[in-house]
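Trainee: Mind folding the following:
(chains A, B, C, D, E and F)
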Number of protein chains: 4
Amino acid sequence: MTGGKTVETSRVGRPRSEKTRLAILEAAADLLVEGGFSAITIESIAARAGVSKVTIYKWWPSRGSVAIDAYFHRFRQTLTFPDTGNVAEDLLAQMLILIGAFRGRAGEIMAELIGQAQSDPELADTIRTGWMQPRREVTALVIQRAIDRGELRPGLTIPILMDELYGPIYFRLITRYEPLSDEFAQELVRNTLEGVLSTRSSIK
Amino acid sequence: MTGGKTVETSRVGRPRSEKTRLAILEAAADLLVEGGFSAITIESIAARAGVSKVTIYKWWPSRGSVAIDAYFHRFRQTLTFPDTGNVAEDLLAQMLILIGAFRGRAGEIMAELIGQAQSDPELADTIRTGWMQPRREVTALVIQRAIDRGELRPGLTIPILMDELYGPIYFRLITRYEPLSDEFAQELVRNTLEGVLSTRSSIK
Amino acid sequence: MTGGKTVETSRVGRPRSEKTRLAILEAAADLLVEGGFSAITIESIAARAGVSKVTIYKWWPSRGSVAIDAYFHRFRQTLTFPDTGNVAEDLLAQMLILIGAFRGRAGEIMAELIGQAQSDPELADTIRTGWMQPRREVTALVIQRAIDRGELRPGLTIPILMDELYGPIYFRLITRYEPLSDEFAQELVRNTLEGVLSTRSSIK
Amino acid sequence: MTGGKTVETSRVGRPRSEKTRLAILEAAADLLVEGGFSAITIESIAARAGVSKVTIYKWWPSRGSVAIDAYFHRFRQTLTFPDTGNVAEDLLAQMLILIGAFRGRAGEIMAELIGQAQSDPELADTIRTGWMQPRREVTALVIQRAIDRGELRPGLTIPILMDELYGPIYFRLITRYEPLSDEFAQELVRNTLEGVLSTRSSIK
DNA sequence: CTCTAACCGAGACGGTACGTCTCGTCTTTTG
DNA sequence: CAAAAGACGAGACGTACCGTCTCGGTTAGAG
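Mentor: Predicted coordinates for the structure are as follows:
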């Protein structure tokens, strides 16, 4: 996310052109939407943005980093999750918002970005810290509060519980085994909280 | 998985060389282990196997397909899962075997293959049908039997439950947020079955 | 002159395309005539010849070498110098033929090629062995015979005498101080043979 | 030689920095000596001189013009030729001085500059007027006096005679066919004056 | 003693060409 | 007819300089 940094201090020399920065992000985002990650080449971005290749290389280290910046630029979404105090409701709301974002082009592109990240550690890091981490923090907060209120088991490992919620969603996003429907999110959250044992056997 | 098919019918002309096929798979597997998916190029395989590029193109449609064939060739494992009749034990055993396989090089390579599959539908399909499906079928059987015995809730959607088990594992494989430890598998299976609500609130 | 070599032995693999070789030389020669040496870029040749850059790099080591090959391809001239037995006549004929070739585009281009050769030793060598040497050999022969016949001084250093003939011509070609006129050649040859001392002083 | 001009009129505004001008010429000369003309790039000069590119462009129109200025700055030599009244001695002295200057790095660089001048008319002009012309004028004077004294043939075309002297030297400098030895200069001057016909045939 | 015009550094930028890489196809000879 | 060898067109890579363009900060004579 190198290229995203704003020029803080006014230093000597010609300042960075904000117009150019935006033209690059817009061009990359367009290419991403139209042809997916494989359509992102430094040359195609440069040509579309009317910008020199060197300028792109100057501010971004790889095509992956331009792609993720362009993704955030285009699909930046608010993280305003509700906080009703009811853990089931809050978690479901969060999962529905994520699933909603992943239906449509944004989801396909995120899948490709995650795919690319498997052979681009820097991209992987940017996705983790720039995309997943903020969401996980909100979710962790909701879970922690529910533990504090005594709604959830105290011995719980929070990262594992979060993997139980996010894991299946990203698994579906990536394997496309089954659709990312609202019903899926509902049963996922319910199952995760209540378990899947039959009532009889749960009373031990 | 085109290249993996054995030559059944004896047709006219010079038969396909089995030695060549194996040389290609061994070379590709070596490259995969040494340098990951990005080290797999048709040219590098051809050079290493002492084989012409055209011969590879003749039997495999893409580098992804050679890679997955080479992966299966090198890391093929038995699917002999225990069947004790205890759903918790059986599921845990299955997850532990998968996690064990994913620790080490095989896991890293599978992550890369899944990554590549995001921009290679054919590779995605081969991974689903050749790798995931067999495991899911065994898991589905165990779950179905537990439902039949009344251990699990009858209304359960089996694919969702399987996503709850496999999803977090693949999520950790791909995001590398946290390690694929045995403890993780244990808590994952326990949480999935019993839920995470505190005992007090679960008696409603 | 690497690319000029003809494929002698019929070896395995696809043979070199003669059509491609000629297309490259024609394109390069056209560019040379139209825009001089600076118009010769590997990219422009490739574009004009409908050929890949790699193919050019495969057969020629530098743009200079393509240029000189293209020059010879386009301006190859016969070396049929007359041999009358009269040294003055023969030398003048040779110089007139060379000067004639250097008037017009071929001379301008040769000047540029010699210029480039100052920073490209390989090009320099090709010009020496492929262009100058054959002419010098013919000239050396004429001179040697004149020495044998007793027309020229026996103690003469032949290379120096040849430099006295060719040097002024190339000097004019390169500095453009004065035109390469036929009168120039006539006085040059006469002066070189007879000297410039006044008759009075020459009889010492 | 634009950049070499001294600031005559004192105009308003900050005057041109002499320190900067010298830093540029020194840097360029160093680069020229170390890596030849190809090492001369505006960027490398700017970096080495601690100067902005724009400042260089402001005072010199091209890299060729900086190069030639740097050459004169570093290798400026006196034009004090002896004038003994003996044409053979005087011409030989002049040629020996020139040949002496051309042995060593200065000659190699001059060859490269002349080479570059083939595709840079302005550079060609600067070399002619700034380097060759002063020498030719001295030589022309010596020749003219010899004609006046009756030592040389009256019908002689002086520029042609000068090309007979300078041409072979520059030819050797540029083609590196043979070394620029003192013996070469001696025989060159002698041959030029006396001719190469054998005594017998010269008396016709 | 301020004003102001020109100089100068640093560095961003669009552009052209470089030489390299790998792809997937094509065209031969060899077994 | 399979396979090896290798030529080839295509196109992106990342780099080097080009020449131009802001900027901010001198520097010295003119008012």
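Trainee: Can you name the next helix or strand after the host helix or strand of A:I169?
Mentor: According to DSSP states H and E, A:I169 maps onto helix A:158-175. Once the chain leaves helix A:158-175, the next helix or strand it forms, by DSSP H and E, is helix A:182-194.
Trainee: where does the nearest residue to A:L31 once chain neighbours are set aside land on pLDDT?
Mentor: Counting by C-beta to C-beta, 6 or more residues apart in numbering or on different chains, A:L31 lies nearest to A:A39, which is 4.6 Å off, once chain neighbours are set aside. (Each C-beta comes from the backbone N, C-alpha and C, glycine too.) As predicted, A:A39 sits at a pLDDT of 95.
Trainee: so A:T126, which of the three states?
Mentor: Three-state assignment for A:T126 (DSSP: H, G, I helix; E, B strand; the rest coil): helix.
Trainee: Quick check, it in contact with A:I68.
Mentor: Yes - A:T126 is within contact range of A:I68, at 5.0 Å (criterion: C-beta atoms under 8 Å).
Trainee: out of those two, which sits in the more crowded spot?
Mentor: A:I68 (29 against 23; other C-beta atoms under 10 Å in any protein chain shown).
Trainee: Tell me who's in contact with that one.
Mentor: A:M1, A:L113, A:L123, A:T126, A:I127, A:G130, A:W131 (C-beta atoms under 8 Å, 6 or more residues apart in numbering or on different chains).
Trainee: If we only consider these, which is nearest to DNA strand E?
Mentor: A:M1 (16.3 Å; C-beta to the nearest atom of the strand).
Trainee: Tell me the confidence at the nearest residue to A:D120 once chain neighbours are set aside?
Mentor: Nearest residue to A:D120, sequence neighbours excluded (C-beta to C-beta, 6+ apart): A:G64, at 4.6 Å. pLDDT recorded at A:G64 is 94.
Trainee: thought A:G64 was touching A:P121?
Mentor: No - counting by C-beta under 8 Å, A:G64 does not reach A:P121; the two are 9.8 Å apart.
Trainee: quick one, helices of chain A?
Mentor: Applying DSSP state H to chain A gives helices spanning A:18-35, A:42-49, A:53-59, A:63-75, A:87-102, A:105-117, A:121-127, A:133-148, A:158-175, A:182-194, A:199-202.
Trainee: what about the first one and DNA strand F, any contact?
Mentor: No - remark: helix A:18-35 sits outside contact range of DNA strand F, by C-beta under 7 Å from any atom of the strand, the gap being at least 10.0 Å.
Trainee: Ranked by average pLDDT, which of the helices of chain A falls at the bottom?
Mentor: Among the helices of chain A, helix A:199-202 carries the lowest mean pLDDT (a mean of 54).
Trainee: Test my guess that A:T139 contacts A:Q94.
Mentor: Yes - contact criterion C-beta under 8 Å: A:T139 and A:Q94 qualify, at 5.9 Å.
Trainee: confidence score at the residue in chain A positioned nearest to DNA strand E?
Mentor: Nearest to DNA strand E, among the residues of chain A, is A:G13, at 2.3 Å (C-beta to the nearest atom of the strand). For A:G13, the model assigns a pLDDT of 84.
Trainee: burial measure for it, as a count.
Mentor: Counted with other C-beta under 10 Å, A:G13 comes out at 5.
Trainee: Need phi/psi at it.
Mentor: When read as degrees, to the nearest 10, the backbone of A:G13 gives phi 90, psi 170.
Trainee: Assess the claim that the residue nearest to A:L31 and A:L32 are in contact.
Mentor: Yes - between A:A39 and A:L32 there is a contact under C-beta under 8 Å: 7.0 Å.
Trainee: Thank you kindly, that will do.
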